[in-house]
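Q: need coordinates for the below:
(chains A, B and C)
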Amino acid sequence: MTVIDFRLRPPVGGFLDTLMYSAGERRDGFTRSVGFEPSAAAQGQSMALLLSEMDEAGVDQGVVVGRLAGTLGSVPNADVLALVNDHGKRFIGAASIDPTSRRQACDTIDAALAQGFKLINIEPGSYPIPLYADDRRLYPIYAHCEDRGVPIILMVGGTAGPDLSYSDPIRTDRVLADFPRLNVVVAHGGWPWVTEILHIAFRRPNLYLSPDMYFSRMPGWEEYVKAADGFLADRMLYASSFPFCPVKEYKRWFESLPIRPDNLRKIMGGNARRLLGL
Amino acid sequence: MTVIDFRLRPPVGGFLDTLMYSAGERRDGFTRSVGFEPSAAAQGQSMALLLSEMDEAGVDQGVVVGRLAGTLGSVPNADVLALVNDHGKRFIGAASIDPTSRRQACDTIDAALAQGFKLINIEPGSYPIPLYADDRRLYPIYAHCEDRGVPIILMVGGTAGPDLSYSDPIRTDRVLADFPRLNVVVAHGGWPWVTEILHIAFRRPNLYLSPDMYFSRMPGWEEYVKAADGFLADRMLYASSFPFCPVKEYKRWFESLPIRPDNLRKIMGGNARRLLGL
Amino acid sequence: MTVIDFRLRPPVGGFLDTLMYSAGERRDGFTRSVGFEPSAAAQGQSMALLLSEMDEAGVDQGVVVGRLAGTLGSVPNADVLALVNDHGKRFIGAASIDPTSRRQACDTIDAALAQGFKLINIEPGSYPIPLYADDRRLYPIYAHCEDRGVPIILMVGGTAGPDLSYSDPIRTDRVLADFPRLNVVVAHGGWPWVTEILHIAFRRPNLYLSPDMYFSRMPGWEEYVKAADGFLADRMLYASSFPFCPVKEYKRWFESLPIRPDNLRKIMGGNARRLLGL
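A: Below is the predicted model:
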């Protein structure tokens, strides 16, 4: 069984400038809120410790996302690529795009695919000028990804933008409906719209759900667990959101959830492999 | 105790052309998703088997709805009427209307009442040109039903339309508020907006709730159960959504829920009888 | 340990003209719906009995809100002030404002603070002309409260206005985001948008949550309890919503919830004292 952690932000390159590393107390506060102790790799900003944690935990691969953002801080694709290239098959890259120019965004996507990126990361509400997930300016970009057969990560949960409207499940559903052959990983699980995103997941076979850090005991999380062991077993994805949750303890905790072993294997690796064509 | 199943689509007439029969695998997939095995009556498209299932289960009557729809497939009122007339008091008819002409819709309602239909079925998001529940074009039709004293079934849950906005509970609440003497059966339980529809049910005495197929272990369903055994005992309605759920096994399962016997009797028959003036 | 009940409407002055006293059967129906028996103080409209109930329950102080409303009925600030002055430190006053004139509203706020009011009560959807919480006409008033350092009570849950849109959590979130130094007590807990308001509470440190009468076993209430004993322990507020819930039995029930004693002390008094600078 290969374990893939679908959201993992290593302490290298541009990641160190994002809030999750530059505001360590804020991050640790979150970590404790969801019931974990901060990991040494997070606090020490140590790549070596992260790799050790992954080894000890038995996490084989991690999906690492580039980001173009305002307040959250950006991570250039080049940094993600360097990480992927430096560590063999340990990391899987998701490239970010600049949505203000559709042509440039499509070129970025094509270049990223040629470089070995496996996904495109789209975080509508976090761009310097926030967009809604169903903004018309994103539609040519979604179309391009659908045509290229590359899955996207769509961040429409948690602190997805300036206010709660940026995780509005109605807007998310429209994207899923309008691009039925585009596989969409909903990062942050659409939280807090838990029953709503699960309805969408039930209805739209092109949705993959990654509740990641909100899986861990945030209001409504039990519904994620039940769906993981039920109708969504083939499209739920395991993700620690490191450094928000510690790689090792998150895994130990996740494996203790009431999810049957065969479903657990899918969620912690099989679904990701199928989605990414690995 | 008379048991009334408030949503039941027999394998006859136009029903056979709707997706629930023409796409049997899709239907069976749903059935299994919610924890049941498909019934022989559903898979065999057998009216005789359905009647046997009803007999064995002790289901005395079923509410059968006409439908004017796009992709879901339509069921003419004439087919529903024929079914009702062919089977004594075994079935209760709900007539559908065409919302594109308010005058014709009102004429249809009057004719249906004269023919013995007991309810009007309105599925705003499923019309060939989808409408929202609070679309102004539906308001004269709601007014006509309110004036005639006939309850409506309003389908504003589940796959209620092209996207999640068609089950928006805010729109549903407005209809309830604007027509306070119109009794409204919310089909599909307003799912996935579970706490929201329960708030509306708590506030609006003219709402009857039929979570039907989404009652059966879909995200948030435990709240339906608690409301059924609490403040909503007098306005919750039992419905299998056959052929999505099997008549007999759904009933057996429903009776095992933590709902007190006196409330169960109301939900499985008494509330429907009072609502329909039987 | 000082116990503060953050929502308490005594049977005096203008309160007697509001629906909660003038429509006693409606109120008692609600009380029973949430699992309590109506208190003698509520049914007898007796101030002496209320004070006895508070004494017996060990409730030291109650927050009493003025209200300018349409159908719900109004309570002039003068009535609240008289109550506060008549009973030593037993009651804490929240003043209401008229949102139709921002200048007059700001004057009212300044006068109220000079008279000893500790909070401003804003109920956007209940004004004679209902407003949304993020209505631009309220923004100068929010700004004034933020500048004066006075917390507000914002009623955006339950029957918050003519329809469910008046408790829309997206609108609530915008107010919290746009006035980050304004402490906002969300009355009625944002119910029924339970996971959504808890997300907002998680994200916005200026939100205090008072689920009050909807805390008591309404759909989704277990999430309030878990948040109270988790990430929201420092910003959850105890409130009986008397006369909807009986002061004494509500407290006994509340103390039986699975909330650790140190968190219970915060929720039942400490948080309110810190918020109000007592």
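
Q: the closest residue to residue A:182 other than its chain neighbours: which element?
A: Nearest residue to residue A:182, sequence neighbours excluded (C-beta to C-beta, 6 or more residues apart in numbering or on different chains): residue A:146, at 3.9 Å. C-beta coordinates here come from the backbone N, C-alpha and C atoms, glycine included. Counting by DSSP states H and E, the element that carries residue A:146 is helix A:139-148.

Q: swap in residue A:62?
A: In this structure, residue A:62 sits in strand A:61-65 according to DSSP H and E.

Q: give me the sheet partners of that strand and which way each runs.
A: Note on strand A:61-65: by DSSP bridges, its sheet partners are strand A:4-5 (parallel), strand A:91-96 (parallel).

Q: contact partners of that strand?
A: A:2-10, A:54, A:75, A:80, A:83-84, A:89-94, A:96, A:118-119, A:121, A:153, A:239, A:242, A:272 (C-beta atoms under 8 Å, 6 or more residues apart in numbering or on different chains).

Q: spell out the secondary structure type for the residue of the stretch 101-250 of chain A found nearest chain C.
A: Chain C sits closest to residue A:192 of the stretch 101-250 of chain A, with a gap of 3.6 Å, by C-beta to the nearest C-beta. Classification of residue A:192 using DSSP: H, G, I helix; E, B strand; the rest coil returns coil.

Q: ranges for the strands of the stretch 151-278 of chain A?
A: With DSSP state E, counting those that start in this stretch as the definition, the stretch 151-278 of chain A shows strands at residue ranges A:152-155, A:184-187, A:207-210.

Q: please put the alpha-carbon coordinates of the first one into CSV.
A: Read it as strand A:152-155. Extracted C-alpha coordinates of strand A:152-155, given in CSV (Å, rounded to 0.1, in the frame of the first residue of the first chain):
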residue,chain,number,x,y,z
ILE,A,152,-7.4,20.5,-10.6
ILE,A,153,-7.3,21.2,-6.9
LEU,A,154,-10.0,23.8,-6.1
MET,A,155,-9.7,25.5,-2.8
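
Q: can you list contacts of it?
A: By C-beta under 8 Å, 6+ apart, strand A:152-155 touches A:63, A:65, A:94, A:119-126, A:133, A:142, A:145, A:172, A:175, A:182-188, A:210.

Q: quick one: it to chain centroid distance?
A: Centroid displacement of strand A:152-155 relative to its chain, using C-alpha atoms, centre = their mean, to the nearest Å, is 7 Å.

Q: just after the longest helix along chain A, pick out the following helix or strand.
A: Assignment by DSSP state H gives helix A:102-115 as the longest helix of chain A. Next in sequence after helix A:102-115, counting helices and strands by DSSP H and E, comes strand A:119-122.

Q: what's that next one packed up against?
A: For strand A:119-122, the contact count by 3 or more C-beta pairs under 8 Å, 6 or more residues apart in numbering or on different chains; DSSP states H and E identifies strand A:61-65, strand A:91-96, helix A:139-148, strand A:152-155 as packing neighbours.

Q: redo those as JSON lines? Include mean pLDDT and mean neighbour count.
A: Shown next, in JSON lines, are these (pLDDT from 0 to 100; neighbours: other C-beta atoms under 10 Å in any protein chain shown):
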{"stretch": "strand A:61-65", "mean pLDDT": "97", "mean neighbour count": "25"}
{"stretch": "strand A:91-96", "mean pLDDT": "98", "mean neighbour count": "24"}
{"stretch": "helix A:139-148", "mean pLDDT": "98", "mean neighbour count": "18"}
{"stretch": "strand A:152-155", "mean pLDDT": "98", "mean neighbour count": "26"}
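
Q: of those, which approaches residue A:22 most closely?
A: Nearest of those to residue A:22, taken as C-beta to C-beta: strand A:61-65 at 17.3 Å.

Q: now the strands of the stretch 151-278 of chain A as JSON lines including distance to residue C:111?
A: Converted to JSON lines, these look like this (distance: least, C-beta to C-beta, whole Å):
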{"stretch": "strand A:152-155", "distance to residue C:111": "47"}
{"stretch": "strand A:184-187", "distance to residue C:111": "50"}
{"stretch": "strand A:207-210", "distance to residue C:111": "53"}
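
Q: list, one by one, the residues from the stretch 151-278 of chain A near chain B.
A: Within the stretch 151-278 of chain A, the residues that sit near chain B (C-beta under 8 Å from any C-beta of the partner chain) are A:169-170, A:173-174, A:177, A:194-196, A:198-200, A:202-203, A:223, A:226-227, A:230-231.

Q: just give the closest residue to the residue of the stretch 1-150 of chain A at minimum distance from chain C, not the sequence neighbours.
A: Taking C-beta to the nearest C-beta, chain C has its nearest neighbour within the stretch 1-150 of chain A at residue A:33, 4.5 Å off. Using C-beta to C-beta, 6+ apart and skipping residues adjacent in sequence, the residue nearest residue A:33 is residue C:231, 4.5 Å away.

Q: residue contacts, the one you found?
A: By C-beta under 8 Å, 6+ apart, the contact set of residue C:231 is A:33, C:201-202.

Q: so it versus chain B, what's the distance?
A: 20 Å (C-beta to the nearest C-beta, to the nearest Å).

Q: pull out the buried residues from whichever strand or helix holds residue A:42.
A: Element membership for residue A:42 (DSSP H and E) is helix A:40-44. Across helix A:40-44, burial judged by 16 or more other C-beta atoms under 10 Å in any protein chain shown covers A:41-43.

Q: ok, stretch A:30-46 next?
A: For stretch A:30-46, burial by neighbour count (16+ other C-beta under 10 Å) applies to A:30-31, A:33-34, A:36, A:38-39, A:41-43, A:45-46.

Q: any idea which of those is closest to chain B?
A: Closest to chain B out of those is residue A:34 (20.5 Å), distances taken as C-beta to the nearest C-beta.

Q: that closest one touches residue A:221, doesn't it?
A: No. Applying C-beta atoms under 8 Å as the test, residue A:34 and residue A:221 come out as separate, 9.2 Å apart.

Q: and residue A:76, how many residues sit next to it?
A: Neighbour count for residue A:76, taken as other C-beta atoms under 10 Å in any protein chain shown: 15.

Q: and residue A:137, by the same measure?
A: By other C-beta under 10 Å, 15 other residues sit near residue A:137.

Q: wait, it touches residue A:99, no?
A: Yes. At 5.9 Å, residue A:137 counts as touching residue A:99 under the criterion of C-beta under 8 Å.

Q: joint contacts of those two?
A: Common neighbours of residue A:137 and residue A:99 (criterion: C-beta under 8 Å, 6+ apart): residue A:131.

Q: returning to what we had before: so how far is the very next helix or strand once past the strand holding residue A:62 from its chain's centroid?
A: The C-terminal neighbour of strand A:61-65 among helices and strands, as given by DSSP H and E, is helix A:77-86. How far helix A:77-86 lies from its chain's middle: 17 Å, per C-alpha atoms, centre = their mean.

Q: restricting to C-alpha, output helix A:77-86 in PDB.
A: What follows is helix A:77-86, C-alpha atoms only, in PDB (Å, rounded to 0.1, in the frame of the first residue of the first chain):
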ATOM      1  CA  ASN A  77       5.900  26.900  -9.400                       C
ATOM      2  CA  ALA A  78       9.700  26.900  -9.800                       C
ATOM      3  CA  ASP A  79      10.000  26.200  -6.100                       C
ATOM      4  CA  VAL A  80       7.600  23.300  -6.300                       C
ATOM      5  CA  LEU A  81       9.400  21.900  -9.300                       C
ATOM      6  CA  ALA A  82      12.800  22.100  -7.600                       C
ATOM      7  CA  LEU A  83      11.400  20.200  -4.600                       C
ATOM      8  CA  VAL A  84       9.900  17.500  -6.800                       C
ATOM      9  CA  ASN A  85      13.200  17.200  -8.800                       C
ATOM     10  CA  ASP A  86      15.300  17.200  -5.700                       C
END
